[in-house]
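In: Structure for the following, please:
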Amino acid sequence: MKRKLTSLLLLIPFANECHATIVEVVGGDKVVVDGQLAHLADIDAPEHCQPGGAEARKALNTMLHGNLTYEPVGLGKDGLQQIRLYANGREINQLLVQVGWAQDATRSSPSRYAFAEAVAKLDGIGIWSFGHSRAEKSVEAICS
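Out: Numbering: from 1, shown residues only. Coordinates of the predicted model:
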């Protein structure tokens, strides 16, 4: 009986996973999946007009190969579907933070991507190579 329960518990996290047939990169943390605009949950990447915006978009685009799936996690304040995106089983949201092209935007504790962000900051890679936290800069000040 214990083995059956363990097997059932392993299936629960994947219950809402969907196969992504078409993924188009719109920004460093936004994609069109199956015809709908979606935001990668719990991360924040620079906008196209901010330092690192083009690089974040390019990094995301290069990660999208192989078997693509996604997990819807709810709607954001902007009304967009929030998703966790996977390529060959690897979570793209975390990978973007890990390589420095997005920062952790988890609003719950413990923070989902805090360790990955801390390592990227210490290594000075991606957005952290610009010498400041992108979060400290307002979009209006940088994009106008």
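In: Please verify my assumption that residue 127 contacts residue 51.
Out: Yes - using C-beta atoms under 8 Å, residue 127 is in contact with residue 51, at 7.2 Å. Every residue, glycine included, has its C-beta placed from N, CA and C.
In: can you give me the end-to-end distance of stretch 102-109?
Out: 19 Å (C-alpha to C-alpha, to the nearest Å).
In: Could you pull out the buried residues of it?
Out: Residues 102, 103, 104, 105, 106 are the ones in stretch 102-109 that count as buried (16 or more other C-beta atoms under 10 Å).
In: Below-threshold pLDDT in this structure: ranges please.
Out: For the chain, the stretches with pLDDT under 70 are 1-16, 21-22, 132-144.
In: so residue 65, which of the three states?
Out: Here residue 65 is recorded as coil under DSSP: H, G, I helix; E, B strand; the rest coil.
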